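# Make a model of this:
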Amino acid sequence: MPPPDKPSTAGASIADAGDALLAAQAQHEAMAGQLADLNELLAKPLNEILAERDKFKEAAAAWDAFGAMWLLSQRAMKRVALDLAAQQGVSEAEVVNRAMAYANEVLNGDGVDLGGTIAEPQMAHIARHRSLLRKQFRQG
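Got it, this is the predicted structure:
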């Protein structure tokens, strides 16, 4: 008569098999979802697929143009600020320090809008990206 299996070893292998089965089922469900999404996309006529792609490209181009305009305006305003500061004997470092302080007041303050110069929708947009902006505007 063979010796009985050790209960702890048998229980562990059953638990491992159960965990593996659950993981396989979860992976199967995820892949089934991906397959359904792919089938939905492939069921569309090609002209619809290309139209969506064209809309995406138009939106991306618009955002790219907006980014370029924003960057240009920021650089121009920085130049104006530095020119005015130089006329008053204020150094570039002091201007940058003040700008960083203002940015941090908005990012870390409770609704600080720099005396009303930041509109409510802009404040909401800043709030949505607060964690990213805090990394960009951290002092140090």
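# all helices for this structure, in order.
In the chain, the helices defined using DSSP state H lie at 7-43, 46-87, 92-108, 120-128, 130-136.
# helices and strands around the shortest one, which ones?
When contacts are defined as 3 or more Cβ pairs under 8 Å, 6 or more residues apart in numbering; DSSP states H and E, helix 130-136 packs onto helix 92-108. C-beta coordinates here come from the backbone N, C-alpha and C atoms, glycine included.
# Now do stretch 99-107: everything it contacts.
81, 112-114, 118, 123, 126, 130, 133-134, 137, 139 (Cβ atoms under 8 Å, 6 or more residues apart in numbering).
# mind checking pLDDT for the closest residue to R130 other than its chain neighbours?
What sits nearest to R130 in space, not counting adjacent residues and going by Cβ to Cβ, 6 or more residues apart in numbering, is L107, at 6.0 Å. Per-residue confidence for L107 comes out at a pLDDT of 90.
# neighbours of L107, just the number please.
18 (other Cβ atoms under 10 Å).
# same question, L133
L133 has 16 nearby residues by other Cβ under 10 Å.
# Enumerate every residue touching it.
By Cβ under 8 Å, 6+ apart, L133 lies in contact with 103, 107, 126.
# Tabulate the residues you listed in JSON lines, adding columns for distance to D19.
JSON lines is the format used below for the contacts of L133 (distance: Cβ to Cβ, whole Å):
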{"residue": "A103", "distance to D19": "49"}
{"residue": "L107", "distance to D19": "44"}
{"residue": "I126", "distance to D19": "44"}
